[in-house]
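Visitor: could you look at this predicted model? Sequence included:
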Amino acid sequence: MKLLADENMPFVQELFGDRAEVVTCPGRDLRPEQLRDIDVLLVRSITRVDAALLAQAERLSFVGTATIGCDHIDTDLLARRGIAFASAPGCNKVAVGDYVLAALLRVAEHKGWALQDKTLGVVGVGNTGAEVAARARALGMRVLLCDPPKALQKTTDFVDLQQALACDIVSFHVPLTRDGDHPTWHLLNRHAIDRLNGDQVLINACRGDVWDNQALLARQQGKAPLTLVMDVWEHEPEVLAPLVPHVLLATPHIAGYSLEGKARGTFALYRAWCEQQQLGMQLTPEQLLPPSSIGTIHLHEAPDQALAARLVRLVYDIEQDDAAFRQALGQPGFFDRLRKQYPQRRELGSVQLTGLTGSGEALGFKV
Ligand SMILES: NC(=O)C1=CN([C@@H]2O[C@H](COP(=O)(O)OP(=O)(O)OC[C@H]3O[C@@H](n4cnc5c(N)ncnc54)[C@H](O)[C@@H]3O)[C@@H](O)[C@H]2O)C=CC1
Ligand SMILES: O=C(O)C(=O)[C@H](O)COP(=O)(O)O
């Protein structure tokens, strides 16, 4: 049994190594001939799995992506060819929650805002969007939810996109889709961008193509620029460089890059593959993770916005990611290099709060 995995996927050897010969490679450059003798293919979001890539993959019986998004996989093709497929829904939703929480706190500092007076619109209320909504409520924000596919099921109160786009801060958490009843490609188009006011904040931690980046650049070069947080970019790994100086926080598609999130991603594929092979699992995700270097923090006051910002920064400093991005921008291959060499990042939940913990748990910490 031969397994080929993206080199940026941790714990593959630990999980699969006893049962398969594991080889790794850069996911962006995978070529059809490399799949000739491969039984199991494990990828991340940068590998397009389509007819061209699988043209010589005659032995392939399992494809897994250690990601939430699946827009890079031709799942119909896999089904037609009888190749089992697994993704990792929700694997890094906590990391995305941590990222957006850190972004909200930085935005508030930048604008001098008390977040409890502000409204957040969440566009796409699945695993990551719900996580973000919960963190924002813990900060005392009013949260409006926009999810037309879910609104059809009427499970809770939803607003339409126009209402969501009227919020002080709008955070996007939709899959990238180009057709169907609710396509998300350029959901934030020129028309929507033109209707926003200059005091508003937009966050994109889902897929770059959900926002029209050229239209945003035109807006940012005008009289009333928006405050932008961008983890994802149209045409990655390319970035519309002139847009970057107009972005408050710019990062290279790492919102989901906690160690825990990556471990859960690989583990989800391990579980699916074990089920397909009718094998028992030899490890749990917890066994893969080292202890957090911070450990426990004792609080003498319940976290308000300022203390929350300090606590979050101790565990995840989003400004460091932004600074690394700006420093490397323009260097050849900078986007993928930053992702490949991304420092080990732990989730807020790896830190235990004791004492006056207040909303600590809802913010994502362990209490
Ligand atoms: N930047 C990063 O590192 C990460 C990015 N992602 C991206 O975020 C996306 C969302 O992740 P999850 O929340 O886990 O997915 P999910 O599938 O749990 O939720 C997506 C939600 O979006 C809703 N939706 C679909 N079309 C919509 C539309 N036109 N308007 C409003 N809502 C719409 C769906 O009904 C669903 O509730 C993923 O598909 C992935 O592309 C996910 C993880 C990390
Ligand atoms: O899970 C997703 O969907 C993501 O966007 C991933 O967190 C991105 O990571 P890579 O697969 O691009 O390494």
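Guide: Structure received. Ligands and ions are numbered 1, 2, ... in the order given.

Visitor: show me the residue at the heart of this protein, geometrically.
Guide: The chain has Gly256 as the residue nearest its centroid, 3.7 Å off, counting by CA atoms, centre = their mean.

Visitor: helix or strand for it, which one?
Guide: Under the criterion DSSP states H and E, no helix or strand holds Gly256.

Visitor: and it, what does it touch?
Guide: Contacts were defined as CB atoms under 8 Å, 6 or more residues apart in numbering; by that measure Gly256 touches Thr67, Ile68, Cys91, Asn92, Lys93, Ala95, Val96, Tyr99, Ala205. The way it works is simple: take the backbone N, C-alpha and C, and place the C-beta from them, glycine included.

Visitor: can you tell me the closest non-neighbouring residue to the second one?
Guide: Think Ile68. Pro89 (5.9 Å; CB to CB, 6 or more residues apart in numbering).

Visitor: tell me how far the one you found lies from ligand 2.
Guide: 9 Å (CB to the nearest ligand atom, to the nearest Å).

Visitor: am I right that that residue sits in a strand?
Guide: No. Per DSSP: H, G, I helix; E, B strand; the rest coil, Pro89 lies outside any strand segment and is coil.

Visitor: so it makes contact with Asn127?
Guide: Yes. Using CB atoms under 8 Å, Pro89 is in contact with Asn127, at 6.4 Å.

Visitor: intersection of neighbour lists for those two?
Guide: Common neighbours of Pro89 and Asn127 (CB under 8 Å, 6+ apart) are Ile68.

Visitor: the more surrounded of those two?
Guide: The residue with more neighbours, out of Pro89 and Asn127, is Asn127; 18 against 13, by other CB atoms under 10 Å.

Visitor: residues touching the more buried one, list them.
Guide: Counting by CB under 8 Å, 6+ apart, the residues that Asn127 touches are Ile68, Pro89, Gly90, Lys93.

Visitor: which of the residues you listed come close to ligand 1?
Guide: Ile68, Gly90, Lys93 (CB under 6 Å from any ligand atom).

Visitor: ok so, going back, quick one: which of the contacts of Gly256 is nearest Gln327?
Guide: Within these, distances to Gln327 taken as CB to CB reach their minimum at Tyr99, with 19.4 Å.

Visitor: picking that back up, highest neighbour count among the contacts of Asn127?
Guide: Ile68 (24 neighbours).

Visitor: how about it, what does it touch?
Guide: Ser87, Ala88, Pro89, Gly90, Cys91, Asn92, Lys93, Asn127, Thr128, Gly256.

Visitor: also Val229?
Guide: Taking CB under 8 Å, 6+ apart, one finds Ala103, Val107, Val201, Leu202, Ile203, Asn204, Ala205, Val247, Leu248, Leu249 in contact with Val229.

Visitor: which of those fall in helices?
Guide: Ala103, Val107 (DSSP state H).
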